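1. Below: sequence and its predicted model.
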Amino acid sequence: MTLPAKKSEGKAASPLKVLIVAAEVVPFAKVGGLADVAGALPLALQKLGVDVRVVMPKYGRIDNAKFNLQPAVPPFSVPMNEQMETVDIVQGTIGDHIPVYLVHSERYFDREGIYSYQDDDERFILFCRAAVEMLKKLDWSPDVIHCNDWQTAIIPNWMKTLYRDDPFFAGTATVYTIHNLAYQGIFGQRVLEIAGIAEKGFVYPQIPDLAGVVDLMGRGILYADVVSTVSETYAKEILTPEYGEKLDPLLRERQDRLFGILNGIDTELMDPATDSYIAANFDALHQTDRAANKLDLQRDGNLTPDPDVPVIGLISRLANQKGFDILAPVVDPLMNLLNVQLVLLGTGDQYYHEMFGKIAARYPGKAAVFLTFNASLAQKIYAGSDIFLMPSRFEPCGLGQLIAMRYGSIPVVRQTGGLADTVTDFDPTSGEGNGFSFQPYEPMALYATIVRALENYRYKDTWRKLMTRDMQADYSWATSARKYIDLYTKAVAFKKAS
Ligand code: ADP
């Protein structure tokens with residue numbers, strides 16, 4: 001879809017111009033699902049005729065040669081508090097020559113990691129300022145700046161303050177997408193000085209917890225022309241105190257600007273028929289070829305090789321959100337009473353590292369635990385496991401269950417957020433459903449659902465049908481990308497009306 005040119009101009013319709021701003025983008029840098037989204041949504045938008053470009057930080061670990069990064073904009077200075085900071089922009093591409101601009105600052109980004117530095121506030125304020133100023137250097141004024149998560153949330157705030165009367169951005173609307181409300185970017189007042197808007201006050205003094213701090217996520221929500229999140233259910237859940245992470249009063253206030261759009265996955269990258277990381281390629285019509293992947297996974301995990309024992313896979317950030325607290329009490333009964341194997345790949349909180357380390361030690365041959373980030377091993381687990389577990393306490397969208405289904409691993413999930421929107425509980429009587437789900441955040445509910453999945457696994461015909469259904473379903477970005485274009489159009493209209 002394109003924005004129609006005014007008839008009187010007599011020109012061909014010019015494409016909608018969208019800049020996506022994100023802290024992580026596949027294939028350059030990834031910590032979680034945000035990177036998948038920021039790397040895949042542009043490809044789908046391009047197919048629909050959008051002039052889409054992406055900007056992210058140039059972290060130290062991103063290799064210039066590997067990605068053939070080229071200088072895009074010569075060094076320039078941006079204000080940071082009283083100082084000027086020099087940055088330069090290099091450029092790579094994704095899809096069919098979609099520009100990905102990478103903001104390079106030796107001082108702030110030439111480091112090993114991505115997040116969790118003391119000066120994360122300064123780092124991402126600098127990134128955002130450079131991303132905005134870069135547009136002028138490129139002389140490319142987008143219709144929409146699409147910001148994602150707290151690292152980019154200052155931009156909608158700036159567009160309504162610092163850049164409010166700047167003619168270059170007169171036609172630029174902002175969209176702010178919440179990928180996870182739990183990470184808000186909460187800092188002291190100094191962050192506003194760094195951002196050059198110190199005099200603009202608190203975000204929302206009506207929320208007592210936030211009265212004395214700067215909550216960047218809150219600012220994105222407050223100032224963006226349109227706010228979105230990554231599933232319809234999560235868009236509703238975050239309006240409640242239970243899921244609202246203290247921002248629910250603000251979200252309720254902006255409810256008429258809040259929309260939910262489900263993530264897709266890059267179905268070309270995530271394709272069991274062509275995936276080069278896995279031992280044997282397969283598809284819905286050649287499911288027997290999948291068996292080699294299970295044996296390969298059992299070998300990699302030092303598990304007893306056995307084609308018949310159900311393998312439960314877990315790939316996750318090891319964070320409180322992901323439901324390990326209800327998994328912990330059921331691991332022993334699961335491993336002792338039922339004939340299953342467990343494979344976990346994850347990294348995160350030390351507490352969970354220890355918990356899973358102990359589980360691996362208790363069940364040699366039955367439990368394999370990899371406490372690291374490993375993209376190729378992740379694919380092997382999707383392709384080699386029979387059941388994929390996501391008992392999340394909350395889950396904005398979740399990509400794991402979508403990738404698992406595409407690879408024929410049947411999801412067992414808690415019915416929340418995007419998991420509720422993508423997994424429907426299997427009913428053996430009617431034959432309907434594509435996975436197994438439960439509601440109460442309780443160990444017994446999870447255990448009973450795993451038992452139900454294992455019962456169905458025993459009926460090979462039933463299970464094969466489930467796998468076929470899941471592998472043939474459409475998880476591509478095509479539908480959601482169209483919804484994003486509608487969202488961008490809405491944002492442009494709101495901006496015009498303001
Ligand atoms: P979140 O964004 O909350 O981390 P999602 O399910 O939306 O959760 O996305 C997680 C993504 O990160 C998936 O693509 C998953 O395969 C990947 N992933 C998570 N942990 C690891 C890991 N330790 N190694 C490799 N990939 C991982």
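-> The structure has been received and is ready for your questions.

2. how about the helices in the stretch 301-450 of the chain?
-> For the stretch 301-450 of the chain, applying DSSP state H, counting those that start in this stretch gives helices covering 324-337, 350-362, 375-384, 400-406, 417-422, 443-457.

3. Output those helices in a markdown table, with distance to the ligand, mean neighbour count and mean pLDDT appended to each entry.
-> The C-beta positions use only the backbone N, C-alpha and C, and glycine is treated the same way. Formatted as a markdown table, those follow (distance: least, Cβ to the nearest ligand atom, whole Å; neighbours: other Cβ atoms under 10 Å; pLDDT from 0 to 100):
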| stretch | distance to the ligand | mean neighbour count | mean pLDDT |
| --- | --- | --- | --- |
| helix 324-337 | 13 | 17 | 97 |
| helix 350-362 | 12 | 15 | 98 |
| helix 375-384 | 4 | 21 | 98 |
| helix 400-406 | 4 | 26 | 98 |
| helix 417-422 | 8 | 25 | 98 |
| helix 443-457 | 17 | 18 | 98 |
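
4. And those helices: which comes nearest G185?
-> Taking Cβ to Cβ, helix 417-422 is the member of the helices of the stretch 301-450 of the chain nearest to G185, at 20.5 Å.

5. Can you list the helices and strands that that closest one packs against?
-> helix 232-237, helix 400-406 (3 or more Cβ pairs under 8 Å, 6 or more residues apart in numbering; DSSP states H and E).

6. buried ones in stretch 248-262?
-> For stretch 248-262, the neighbour count (16 or more other Cβ atoms under 10 Å) marks 248, 250-251, 254, 257-262 as buried.

7. does any part of it sit near the ligand?
-> No - contact of stretch 248-262 with the ligand (Cβ under 6 Å from any ligand atom) is absent, the minimum separation being 11.4 Å.

8. Could you count how many residues lie near the residue of the stretch 151-300 of the chain found nearest the ligand?
-> Nearest to the ligand, among the residues of the stretch 151-300 of the chain, is N180, at 6.1 Å (Cβ to the nearest ligand atom). Close neighbours of N180, defined as other Cβ atoms under 10 Å, add up to 23.

9. Give me the three-state assignment for it.
-> Using DSSP: H, G, I helix; E, B strand; the rest coil, the structure places N180 in coil.

10. who are the neighbours in contact with it?
-> 34, 149, 321, 396 (Cβ atoms under 8 Å, 6 or more residues apart in numbering).

11. Scan these and report the most crowded one.
-> For the contacts of N180, neighbours were counted by other Cβ under 10 Å; the highest total belongs to P396, with 29 neighbours.

12. coming back round to it: can you redo the helices of the stretch 301-450 of the chain as a markdown table with distance to P71?
-> Shown next, in a markdown table, are these (distance: least, Cβ to Cβ, whole Å):
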| stretch | distance to P71 |
| --- | --- |
| helix 324-337 | 45 |
| helix 350-362 | 41 |
| helix 375-384 | 28 |
| helix 400-406 | 35 |
| helix 417-422 | 39 |
| helix 443-457 | 52 |
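
13. Of those, which is nearest V226?
-> Closest among the helices of the stretch 301-450 of the chain, using Cβ to Cβ: helix 417-422, at 19.3 Å.

14. Find the residue ranges of the chain scoring beneath the pLDDT cut-off.
-> For the chain, the stretches flagged by pLDDT under 70 are 1-12, 200-205.

15. mind redoing it with 90?
-> Counting by pLDDT under 90, the chain contains low-confidence residues at 1-14, 32-33, 81-82, 189, 198-213.

16. Can you say which of the helices of the stretch 301-450 of the chain is nearest to Q189?
-> That would be helix 350-362 among these, by Cβ to Cβ, at 31.0 Å.

17. Need the residues that contact the closest one.
-> 318-319, 324, 328, 331-332, 335, 342, 344, 346-347, 367-369, 371.

18. Also stretch 438-450?
-> So stretch 438-450 is contacted by 312, 323, 326-330, 333-334, 338, 387, 389, 391, 393, 412, 414-415, 436-437 (Cβ under 8 Å, 6+ apart).

19. mind checking how far that stretch is from the chain centre?
-> Distance of stretch 438-450 from the chain centroid (Cα atoms, centre = their mean, to the nearest Å) equals 25 Å.

20. Stretch 383-393 too?
-> That offset, for stretch 383-393, works out to 17 Å (Cα atoms, centre = their mean).

21. Mind exporting the C-alpha coordinates of it to CSV?
-> Output in CSV follows, covering the C-alpha atoms of stretch 383-393 (Å, rounded to 0.1, in the frame of the first residue of the first chain):
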residue,chain,number,x,y,z
ALA,A,383,13.7,-29.5,14.9
GLY,A,384,14.5,-32.4,17.3
SER,A,385,12.1,-31.9,20.2
ASP,A,386,8.6,-33.3,20.2
ILE,A,387,7.1,-30.8,22.7
PHE,A,388,8.0,-27.2,23.2
LEU,A,389,7.4,-25.7,26.7
MET,A,390,6.5,-22.0,27.3
PRO,A,391,4.8,-21.7,30.7
SER,A,392,5.3,-17.9,30.8
ARG,A,393,3.9,-15.8,33.6
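
22. right, and G435 touches D427 too?
-> No - in this structure, G435 is not within contact of D427 by Cβ atoms under 8 Å, at 11.5 Å.

23. Name the residue in these two with the higher neighbour count.
-> G435 (26 against 9).

24. Contact partners for the more buried one?
-> The contact partners of G435, by Cβ under 8 Å, 6+ apart, come to 401, 405, 410-413, 423-426, 466, 470.

25. Can you flag the buried ones in those residues?
-> With burial judged by 16+ other Cβ under 10 Å, the buried subset of the contacts of G435 is 401, 405, 410-413, 423, 425-426, 466, 470.

26. Pick the one among those closest to the ligand.
-> Q401 (7.4 Å).

27. For the nearest residue to that closest one once chain neighbours are set aside, list each beta-bridge partner.
-> Distances taken as Cβ to Cβ, 6 or more residues apart in numbering put P411 closest to Q401, at 4.2 Å, once the chain neighbours are dropped. According to DSSP bridges, the residues that bridge with P411 are F388.

28. P411 and L162, how far apart?
-> 45 Å (Cβ to Cβ, to the nearest Å).

29. ok, now R482?
-> Distance from R482 to L162, by Cβ to Cβ: 33 Å.

30. Settle it for me: which of those two has more neighbours?
-> Using other Cβ under 10 Å, the more surrounded residue of R482 and L162 is L162, with 18 against 15.

31. what sits against that one?
-> Contacts of L162 (Cβ under 8 Å, 6+ apart): 196-197.

32. Assign a three-state SS to it, would you?
-> coil.
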